[in-house]
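Q: sequence and predicted model, in that order:
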Amino acid sequence: MRSRLRKLYAHDRQFAWNARIDQVRTGQGLCRCIRLRIWGAGKNSRALRVDLLSRATRSRWGDPAATDGAYPESKDVRAVIDYALGNGWRPDDLGGTFVLSEARHAQELLLPAFVVTDLLRLAERPTSTRQPAPS
């Protein structure tokens, strides 16, 4: 299924964005994680990517991932764009991806329903398949 590109107007330009819903395991169980991607100058421009972890906590109905309906709203996307532009993202550059990481940006990029996380990126890393050398 293709993801839908949404439009947002800010800073005298049109941005296109999409958000993919995923899950990550945390100390609270499975939690909803959203991979947000934004383009500011067409499909060949430098994309912006940030993974957002929902602030929802475990409820009596189960893991947050199963019961959480959190999804970024336009105001969340606008806040991410504003922050990224102020921190080095140049959407007119060609190619590549500008990533907002938990380590560098979570303390400053504050959203009401989400926190910046690296858990989704870390979960996607391939595990080592190297075998120990024979003795």
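A: In hand now; what should we look at?
Q: grab the longest helix from the protein for me.
A: In the chain, with assignment by DSSP state H, the single longest helix is helix 74-86.
Q: what's that helix packed up against?
A: Here helix 74-86 touches strand 6-10, strand 13-26, strand 29-39, strand 47-54, strand 97-100, going by 3 or more Cβ pairs under 8 Å, 6 or more residues apart in numbering; DSSP states H and E. Just so you know, the C-beta spots here come from the backbone N, C-alpha and C atoms, and that holds for glycine as well.
Q: again, only this time at 7 Å
A: Packing partners of helix 74-86 (3 or more Cβ pairs under 7 Å, 6 or more residues apart in numbering; DSSP states H and E): strand 6-10, strand 29-39.
Q: how about low-confidence regions in the chain?
A: Within the chain, the segments meeting pLDDT under 70 span 1-3, 28, 57-68, 124-135.
Q: which residue is nearest the centroid of it?
A: residue 51 (2.1 Å; Cα atoms, centre = their mean).
Q: from residue 9, how far out is that residue?
A: 24 Å (Cβ to Cβ, to the nearest Å).
Q: same check, this time on residue 35
A: Applying Cβ to Cβ, the value for residue 35 to residue 9 is 23 Å.
Q: now residue 15: how far from residue 78?
A: Look at residue 15 and residue 78: by Cβ to Cβ, they are 9 Å apart.
Q: compare residue 35 and residue 9 and say which one has the larger neighbour count.
A: In this view residue 35 and residue 9 are compared by other Cβ atoms under 10 Å, and residue 35 has more residues nearby, 17 against 10.
Q: and that one, what does it touch?
A: Contacts for residue 35 were tallied using Cβ atoms under 7 Å, 6 or more residues apart in numbering; they are 19-20, 22, 49, 51, 120.
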